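Visitor: coords please:
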Amino acid sequence: MESNKSLVPVLKQLLRLLKKENKALIRNDGNQIEQLVRQKEQLVNQLVMVERELTAIELNLALEIKQLQDDNLLLTKQAMAFNDNFIQTVGQNAQKVNATYSKKGSLSIQEDVGFVNQSM
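Guide: Residues are numbered from 1 along each chain as shown. Here you go, the predicted structure:
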């Protein structure tokens, strides 16, 4: 992108994408989030090439973008923490020892292996 062109259209487009991403994060729509991240990367690549001072309008848009990006990051971290906690809880409960009946009809203790913990 030429450095003397206005960044306002690109910044506004990035702001729209961030708002869509925010809604997708709230709805937990992974497919849409993936598409939006790709689009954001393309816009950011255009902005990285700019080597000039921002105008007042561009600076205000950039600050709004930063705030919305911070909000989206917080939502992402919150969702990841919830998922980690959920997997940990389910994994712990799945490894508990259960009393079941054996083939001979007597009560026996068996460890349930129905859930495989694949965390690294």
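Visitor: Mind naming the longest helix for this protein?
Guide: Longest helix in the chain by number of residues, with DSSP state H as the criterion: helix 56-94.
Visitor: list the helices and strands that one packs on?
Guide: helix 8-27 (3 or more C-beta pairs under 8 Å, 6 or more residues apart in numbering; DSSP states H and E). Where C-beta positions appear, they are placed from N, C-alpha and C, glycine not excepted.
Visitor: List the buried residues for the helix it packs on?
Guide: Going by neighbour count (16 or more other C-beta atoms under 10 Å), the buried part of helix 8-27 is 10-11, 14-15, 17-18, 20-22, 24-25.
Visitor: Need the nearest residue in space to the residue nearest in space to the middle of the chain, chain neighbours excluded.
Guide: Centroid-nearest residue in the chain: residue 76, 3.9 Å away (criterion: C-alpha atoms, centre = their mean). Nearest residue to residue 76, sequence neighbours excluded (C-beta to C-beta, 6 or more residues apart in numbering): residue 25, at 6.4 Å.
Visitor: Where does pLDDT dip in the protein?
Guide: 1-4, 93-102, 108-120 (pLDDT under 70).
Visitor: ok, the nearest residue to residue 24 once chain neighbours are set aside to residue 17 distance?
Guide: Closest residue in space to residue 24, ignoring its immediate chain neighbours: residue 32 at 4.3 Å, by C-beta to C-beta, 6+ apart. As for residue 32, its distance to residue 17 is 11 Å (criterion: C-beta to C-beta, to the nearest Å).
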